[in-house]
Structures are given as C-alpha cells and as structure tokens.
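Engineer: I would like the atomic coordinates for the input below:
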Amino acid sequence: MTARRIEGLAPCGWKLIVLSLVATSAVGQGRNYPMGEGRNVRSLGHEGLAGRSSYQTAIQRQMVGSDEIWIAYVGHHAGEALNPLTGEVERNGTSVVDVTNPRAPQLLHHIPPLDGTNGAQMARTCSGDELPNGAAGHTYLLRAGAGYHEIIDVTNPVEPRSLGTISEGLTDTHKSWWECETGIAYLVSGVPGWRTERMTQVFDLNAPERPRFIKNFGLPEQLPSATGDVPVGLHGCIPVIERNRIYCGHMAPINARGVIAILDRDKLLNDRWADPAAPTSAEVESVIVSRMRMPDFMGAHTTLPILGMNLPEFQHDGAGQVRDFLLVVNEQNTVACTQMARQMVFLVDISDELHPWPVSNYNVPEAEGDFCSRGGRFGAHASHENMTPIFHGKLVFMSWFNAGVRVVDIRDPFNPVEA
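Structural biologist: Reported below is the predicted structural model:
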C-alpha cells in the first residue's frame, strides 16, 4: 500500500481519500446525518467496530512475516459490546483493524482494558526500528486507559502482549504524544494532589520494556503547592524536535478559559529539578516560552504546529515572508447548539512566539445543513495530527461532529477555505 506524494495542489479537481472508522455514541452524534453526503470526498470502506464508540486512532505500518500490512489501533470510550470474534461481551478497550485494503477494513482483535476499568480512549504506536532501543521488527502500542497508561507489544496484532503499566492510580488520562525518534512520551495524566484534572508526565520509552520517569509538569497555578485560580487542565501537546518546542492546548474539563502554551523542550527534558515529581513554581515557569489565555467561552483541544510557511502574498515585503502558525481547534462539548458558544478553528500566528496572535478562523455554516436541528453536537472537535509532507501546510482534516469531516485549504493561512 503506497501513498503518492503531491508536490502541488491544483485549485480544483482534487481527489482525496479519507478513511473514517466511526461508531456513533449514545448521545446520537451523527445519528440523523444522511449517509453519502460529501463534497470532493468519497467513502471507500467501513468497519462498524462492534458498535463501540471510538476516539483516537493510530495507523501503523507493520511487517507480519514477509507481508506489509497497515493496522488501525482504535481507542474506545467507556462501555461494553459483544466481541464478534469471541462471542463474549467485553468492556471497551482498543480495537485492532487491518486497513491494508481501505475498501474492506477487517476487525482482527479487541484488546479489553485492564481488569476493573472501562475504556481506553487514546492510542499511539511506534516501531522498534524507529525507537533508539526498541526490538527490531517489533511494534508497540501506548494506550491511555481509565486511570493508567500501558505499553503493549503488538508485533503480532492478534496476540498482543502487555508490557505493563507506565503510570497508574491516576484520576484521568487523555491525548498523549510519543516521539518515536527519541522515545520520549508526554503523557496526559491526572496525578492525585495536583490542582488540575490533567497535566503532563514525561517518560523515556525508548526501550519500551524499561520505561524511565523523567518529570511531572504543569502550569504554575496547577501545582499542589499553588493557590488562587486554577487554569483549565491539559488536553494534549505536540512537540517539534527540530524547533525545540512543545505546543500544548488546555481545555479540560470544560471548553472554556482555554490556554495555549509554548514550551522549551530541552529545558523540560534536561534541566535539573530538586524533585522531578514535585517541581517548584520557578522550575516549571522556566520551561514556558509563552502562554495565551483564550476567551471565557473557548478552549484549546488541538494545537497543530504548522511552521515555516512560505507566503507568496508577502514575497516583496521587507519581512514576514515565512511565518509560523498554530492551528487551534476548540471542541463543542455540549449536545445542543443552544447550550454554549459555537466552537470553531483558529489559525494563530506564532512567528513572534512571545506574542501569539489569532489571524483567521474557519467555521461550518449552520444553515448549510440545518445542523442544530439534526441532534447531537454541532461544532469543531479536532484536526488530524499528521505532519508528513503530503498534506502538511496545505490541507487539514477536521472532525465537526454531526457536520462530518471537513477538509480545509490553509495555504493562505489568513484566508482558510473548505476544499
């Protein structure tokens, strides 16, 4: 299965393939959305995931014997369903789906959560050939369960082998990140005693069978010793190793009073702290390059860095021809349009990273499909996080709850338009 690299995108006539693995949730998101609606996209295949409500999916290329296959590891919300492969009712964990043929995705296995827990929303994968000290030919799954983070050897996708938990006894988990080049993992965790539902635990997982704790990190006001108002909790971070930066969005547990934080990656990983598990305010403050407080009615779900964009519009100007941006997605987390402000997508200019500034936004017009009357949520949720050259800096793919998946051209970041 190969991907054809697109060097330039024509202004019209795009042919894009989007593979969606979707199971509707109990609140009926998309339940009344007519199948087959779309523009410049078409559905190739579908796998029902035994009706389990799903969230984060990791797509991994693997070699099984001499065969190259592509596997989707799909994280699930809490719940339970009949596993059609075993005939047993299992609490929702992680589905393993062969997507080598996108026209006929095949459920291979379901990995239940740890005993006594329910749900494992998040999935990240790395191969042992990428990790500095991983086993050659092996594939590893990092998943966030209800109150724990776990590493699983999925070299044989139908016979996964747990390598144990990295962190457990947590009050919450969410959208972690794993650097396959270095093995560093930024785990979104709720550590008891901290003044927030979610913060960051940093681990070295370059040898997955020997995890090494590095540090706990959060905003200064979130520390156990802090006082005063507490910023909303972390939703997730995306590092860019080459820039020595980490871009984080905060919105938990409510999509309000969001915070965008830019961190110094080297300081986070290498500065010596008196107690890495219990940092001081000065220690965590030294890591923060800048932070931007969002309005009371917005949060930051996804902060996708789009760096070094060449802007033809400004090629004759004295400065500003190349700029850095964050694509910031807010999540609509109520089930009716009348219960909160519309959540959208914003492009934030971070060329001057000490002073981030929003320059444009994208929104799906409600009248386009009477989305408020369709039931479920209507508004933005998340963007893809793939930064490979085929689409990066050109197109972004964003989920919009009952308005489907939206593909947006951002080559002019000051005027994003749907493709």
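Engineer: quick one: the strands in the stretch 151-300 of the chain?
Structural biologist: 161-168, 177-178, 184-189, 199-204, 212-217, 233-240, 245-252, 259-264, 288-293 (DSSP state E, counting those that start in this stretch).
Engineer: Which of the ones you listed sits closest to Gly45?
Structural biologist: Set against Gly45 and scored by C-beta to C-beta, the strands of the stretch 151-300 of the chain come closest in strand 177-178, at 27.1 Å. Every residue, glycine included, has its C-beta placed from N, CA and C.
Engineer: what comes into contact with that closest one?
Structural biologist: Arg124, Thr125, Cys126, Leu142, Ile184, Ala185, Tyr186, Leu205, Gly236, Cys237, Ile238, Pro239 (C-beta atoms under 8 Å, 6 or more residues apart in numbering).
Engineer: Tabulate the CA atom coordinates of the helix or strand the second one falls within in PDB.
Structural biologist: In other words, Thr125. Using DSSP states H and E, Thr125 sits within strand 122-127. Taking C-alpha atoms only, strand 122-127 is exported to PDB below (Å, rounded to 0.1, in the frame of the first residue of the first chain):
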ATOM      1  CA  MET A 122      -6.200   7.000  23.200                       C
ATOM      2  CA  ALA A 123      -3.700   5.100  21.100                       C
ATOM      3  CA  ARG A 124      -0.100   5.900  19.900                       C
ATOM      4  CA  THR A 125       2.300   3.500  18.200                       C
ATOM      5  CA  CYS A 126       6.000   3.200  17.400                       C
ATOM      6  CA  SER A 127       8.000   0.500  15.800                       C
END
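Engineer: what's it packed up against?
Structural biologist: The contact analysis (3 or more C-beta pairs under 8 Å, 6 or more residues apart in numbering; DSSP states H and E) places strand 122-127 against strand 54-64, strand 67-76, strand 139-145, strand 177-178.
Engineer: will you turn those into a markdown table that also has mean pLDDT, mean neighbour count and distance to Asn310?
Structural biologist: Putting the helices and strands packed on strand 122-127 into a markdown table (pLDDT from 0 to 100; neighbours: other C-beta atoms under 10 Å; distance: least, C-beta to C-beta, whole Å) gives the following:
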| stretch | mean pLDDT | mean neighbour count | distance to Asn310 |
| --- | --- | --- | --- |
| strand 54-64 | 93 | 18 | 28 |
| strand 67-76 | 97 | 21 | 32 |
| strand 139-145 | 98 | 26 | 34 |
| strand 177-178 | 98 | 22 | 27 |
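Engineer: what's the closest of those to Glu331?
Structural biologist: strand 54-64 (11.5 Å).
Engineer: Adjacent strands (with direction) for that closest one?
Structural biologist: Here strand 54-64 has these sheet partners by DSSP bridges: strand 67-76 (antiparallel).
Engineer: Touching, Ser225 and Glu283? I think so.
Structural biologist: No - here Ser225 does not reach Glu283: they are 11.6 Å apart, not a contact under C-beta atoms under 8 Å.
Engineer: neighbour-wise, which of those two wins?
Structural biologist: For Ser225 and Glu283, the more surrounded residue by other C-beta atoms under 10 Å is Glu283, and the numbers stand at 21 against 11.
Engineer: So the more buried one sits against Asp271, correct?
Structural biologist: Yes - judged on C-beta under 8 Å, Glu283 makes contact with Asp271 at a distance of 7.2 Å.
Engineer: which residues are in contact with both of those two?
Structural biologist: Common contacts of Glu283 and Asp271, defined by C-beta under 8 Å, 6+ apart, are absent altogether.
Engineer: excluding its backbone neighbours, what's nearest the most centrally placed residue in the chain?
Structural biologist: Geometric centre of the chain, nearest residue: Lys175, 5.6 Å, by C-alpha atoms, centre = their mean. Nearest non-adjacent residue to Lys175, counting by C-beta to C-beta, 6 or more residues apart in numbering: Gly236, 3.5 Å away.
Engineer: and the closest residue in space to Asn101 that isn't next to it in sequence, what pLDDT?
Structural biologist: The spatially closest residue to Asn101, leaving aside those adjacent along the chain, is Gly45, at 7.6 Å (C-beta to C-beta, 6+ apart). Gly45 is assigned a predicted lDDT (pLDDT) of 92.
Engineer: What is the burial count for Gly45?
Structural biologist: The burial count for Gly45: 14, using other C-beta under 10 Å.
Engineer: And for Arg42?
Structural biologist: 10.
Engineer: Next up, phi/psi of it, please.
Structural biologist: The phi/psi pair for Arg42 (degrees, to the nearest 10) reads phi -150, psi 150.
Engineer: thinking again about what came up before, mind putting the strands of the stretch 151-300 of the chain into TSV with distance to Leu82?
Structural biologist: Listed next are the strands of the stretch 151-300 of the chain as TSV, based on distance: least, C-beta to C-beta, whole Å:
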stretch	distance to Leu82
strand 161-168	23
strand 177-178	31
strand 184-189	30
strand 199-204	35
strand 212-217	38
strand 233-240	31
strand 245-252	32
strand 259-264	41
strand 288-293	46
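Engineer: Give me the pLDDT value at the residue nearest to the centre of the chain.
Structural biologist: Looking at Lys175, its pLDDT stands at 94.
Engineer: give the contact list for it.
Structural biologist: Contacts of Lys175 (C-beta under 8 Å, 6+ apart): Gln56, Met122, Ala144, Val188, His235, Gly236.
Engineer: cool, Ser225 as well?
Structural biologist: Here Ser225 is in contact with Thr280, Ser281 (C-beta under 8 Å, 6+ apart).
Engineer: still on that earlier bit, distance to Glu366 for the contacts of strand 177-178 - can I get that in CSV?
Structural biologist: Below are those laid out as CSV (distance: C-beta to C-beta, whole Å):
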residue, distance to Glu366
Arg124, 34
Thr125, 37
Cys126, 40
Leu142, 38
Ile184, 41
Ala185, 39
Tyr186, 36
Leu205, 43
Gly236, 27
Cys237, 31
Ile238, 30
Pro239, 35
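Engineer: Any quick PyMOL command for the buried ones out of the residues you listed?
Structural biologist: Entered in PyMOL, the line below selects the buried ones among the contacts of strand 177-178, by 16 or more other C-beta atoms under 10 Å:
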select buried, resi 124+125+126+142+184+185+186+205+236+237+238+239
